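>>> Output the structure for:
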Amino acid sequence: MAFNGPMRIGIDARILAYRRGGISNYIRYLLPALATLDPETDYRVLRHRRDRTRTEARPNLHRVTVWTPCHHRLERWALGVEIARLHLDLLHSPDFIPPAFGARRFIITVHDLNFLYYPQFLTPESRRYYHDQIAWAVARADHILTVSETTRADLIRLLGVSPTKITVTYEGVAPIFRPMPPTLIKETLARYHLSPGYLLFVGTLEPRKNLPGLLAAYRLLLDQGAIQSPLVIVGGKGWLYEDIYTCVRALWLEPHVRFVYEVPDEDLPAIYNGAALLAMPSYYEGFGLPALEALACGTPVIISDRGSLPEVAGAAAVTVNPDDPEDIAAGIARVLNDSDLQAALRAAGPAHAAAFTWEQTAQRTLQVYRQVAGQWFA
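Here you go, the predicted structure:
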């Protein structure tokens, strides 16, 4: 299709000023991949005024400072007013809430519908925000991206979205996530006072991650004398995280559990490589990027049998029932005690993860941009 000059596409990156992980990682990896793949397009990156980033990583990525905060009750209209001057052909909202106006076309990414399945896992304010916004957002969007077939099916079943309005764009794994030499692993771990062989969790500390279930399983293994390795929990604090610390104290796990906050991206590969396994017994994930990153590093992975995790990790991981701490404990023990299984998982992980790249994510996303923007130019 022909355009009169380069497209001007806005990408809402305001959430980068507020939190790491999840949607923030999606934006941080997608932006440079898009800019490299599509140097002709003029990308306007909407960053909140509190974001300390002053320049973007590619010459066709241009920072636009905005004042409208994420998840504000008036953001539909306030952000629309702020971006109207940009004359955008298309605005992509990775945090799924588009403005009511301000661009010619709108694309949103819906990562998961956790808030519809498990409303008790949100604060009252967040529950009201998401429940009030999601139906409007999917109706307002010209097209919807999801990061898994699981979330696509949820949108169709729970919200009645037309299948033709949804495109799946799997997330990718950055090249830094790979098997590493033992010397490099130990150098990084030493800065965190860690030794190889620990059990690992990576993710935001919030209820849907099922950390109390993992902690209960870990307590069972300690009581059985089946394990001596510490449990290392890496991630930032989300909402309703206090129960996790209460659970640690109630199970007398303070000497055995290490919390490591805000690990830089460049250190994460060594953290994965140094683990005996990654445990991710979430109640729900829209994608589950830590599982894929660990697989890319050759680390055995244990996942729940819920949400997108079986879709993303496939046969390269061991699945458990997140509602049953005994089943989680049995899955961990199985991996730790079966050397043949460990070897098979370490071999299968990198091969499986290699199929997921951010370049592919960007290619599929760009196809949708051109298709949707073309509807205006046609």
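
>>> Next, find the distance separating Arg128 from Phe115.
Distance of Arg128 to Phe115, computed by CB to CB, to the nearest Å: 10 Å. Every C-beta, even on glycine, is put in place using the N, C-alpha and C of the backbone.

>>> So which of those two has more stuff around it?
Neighbour tally, Arg128 and Phe115, criterion other CB atoms under 10 Å: the higher count belongs to Phe115, 18 against 13.

>>> Isn't that one up against His131?
Yes. With contacts counted by CB atoms under 8 Å, Phe115 reaches His131, the gap being 6.8 Å.

>>> Show me the helices in the stretch 1-150 of the chain, by range?
Remark: helices assigned in the stretch 1-150 of the chain by DSSP state H, counting those that start in this stretch are 23-37, 75-83, 114-117, 124-140, 149-159.

>>> closest to Lys186 out of those helices?
For the helices of the stretch 1-150 of the chain, proximity to Lys186 was assessed by CB to CB; helix 23-37 is nearest, at 26.1 Å.

>>> Quick one: residues contacting His352.
295, 313-316 (CB atoms under 8 Å, 6 or more residues apart in numbering).

>>> Look up which helix or strand it falls in, please.
Using DSSP states H and E, His352 sits within helix 339-353.

>>> just to revisit the earlier point, quick one, which of the helices of the stretch 1-150 of the chain is nearest to Ala100?
With CB to CB as the measure, helix 75-83 is the member of the helices of the stretch 1-150 of the chain nearest Ala100 (4.4 Å).

>>> Buried ones in that closest one, by neighbour count?
75-76, 78-80, 82-83 (16 or more other CB atoms under 10 Å).

>>> Provide the contact partners of the helix ranked longest in the chain at residue level.
Ranked by residue count and defined by DSSP state H, the top helix of the chain is helix 358-377. Applying CB under 8 Å, 6+ apart, the contact partners of helix 358-377 are 1-4, 7, 9, 29-30, 33-34, 36-38, 41, 89-90, 92, 104-105, 107, 142-143, 145, 167-174.

>>> how is this protein carved up into domains?
Domain segmentation of the chain under automatic domain parsing yields 8-172+357-377, 182-353.

>>> got these as JSON lines, with mean pLDDT columns?
Compiled in JSON lines, those are given as follows (pLDDT from 0 to 100):
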{"stretch": "domain 8-172+357-377", "mean pLDDT": "92"}
{"stretch": "domain 182-353", "mean pLDDT": "95"}
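
>>> And Leu303, how far from Ile328?
To be clear, residue 303 is Ile; Leu isn't right here. As judged by CB to CB, Ile303 and Ile328 stand 10 Å apart.

>>> Which neighbours do those two have in common?
Taking CB under 8 Å, 6+ apart as the contact rule, Ile303 and Ile328 both touch 281, 320.

>>> which one of the two has more residues nearby?
Neighbour count, other CB under 10 Å: between Ile303 and Ile328, Ile303 has more, with 30 against 26.

>>> what's that one in contact with, if anything?
Residues in contact with Ile303, defined by CB under 8 Å, 6+ apart, are 280-282, 288, 291, 309-310, 313, 317-320.
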